[in-house]
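Asks: Next input, structure requested:
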Amino acid sequence: MRIGHRNVFREQVTVHCSNSLGEDTVIGSDNYLMAHCHVGHNAVVGDRVVIANGALVAGHAIVQDRAFISGNCLIHQFVRVGTLAMMQGGSAISKDLPPS
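Replies: Numbers count the residues shown, from 1 in each chain. Here you go, the predicted structure:
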């Protein structure tokens, strides 16, 4: 697992380690992960990302720089969320969300 600098992990945040030796779960720098959110194994979270309360990022997903994942959002495995993208609260995606 690789975690950058100046991240804020609020209460009950979970981040899973990689499920293989050759890969990492990566959290960039300057991110804010709010209460009860989850980042799955082998996921990549860029820099300056906000993941709000209760949002779930599945394994192997990619969240690019400065994305905003609103409360209780679900991101399916192998999905990519583009730079500066914003998800509406309570939404779920199983296909890529293009950059803003």
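
Asks: contacts and neighbour counts: CA atoms only from here.
Replies: Noted.

Asks: quick one: low-confidence parts of the protein?
Replies: In the prediction, the chain carries no residues with pLDDT under 70.

Asks: at 90 what do you get?
Replies: Low-confidence segments of the chain, defined by pLDDT under 90: 21-22, 100.

Asks: ranges for the helices of it?
Replies: Listed in chain order, the chain contains no helices at all (DSSP state H).

Asks: got the contact list for residue 35?
Replies: The contact partners of residue 35, taken as C-alpha atoms under 8 Å, 6 or more residues apart in numbering, are 9, 10, 11, 12, 13, 52, 53, 54.

Asks: Make a ChimeraX selection of whichever of these turn out to be buried.
Replies: Listed next is the ChimeraX selection for buried residues among the contacts of residue 35, using 16 or more other C-alpha atoms under 10 Å:
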select :9,13,52,53,54
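
Asks: Just give me the closest of the contacts of residue 35 to residue 100.
Replies: residue 52 (18.5 Å; C-alpha to C-alpha).

Asks: I figured the closest one hits residue 72, correct?
Replies: Yes. Here residue 52 reaches residue 72: they are 7.4 Å apart, a contact under C-alpha atoms under 8 Å.

Asks: overlap in contacts of the two?
Replies: Common neighbours of residue 52 and residue 72, using C-alpha under 8 Å, 6+ apart, do not exist here.

Asks: got the buried residues for stretch 17-32?
Replies: Those would be 17, 18, 24, 25, 26, 27, 28, 29, 30, 31, 32, for stretch 17-32 by 16+ other C-alpha under 10 Å.

Asks: Dump these to TSV, plus distance to residue 67.
Replies: Converted to TSV, the buried residues of stretch 17-32 look like this (distance: C-alpha to C-alpha, whole Å):
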residue	distance to residue 67
17	22
18	22
24	20
25	18
26	15
27	13
28	12
29	13
30	12
31	10
32	11
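
Asks: Report the contact partners of residue 79.
Replies: Per C-alpha under 8 Å, 6+ apart, neighbours of residue 79: 60, 61, 62, 93, 94, 95, 96, 97.

Asks: Could you pull up the residues touching residue 39?
Replies: Contacts of residue 39 (C-alpha under 8 Å, 6+ apart): 14, 15, 16, 56, 57, 58, 59.

Asks: Alright, I will stop here.
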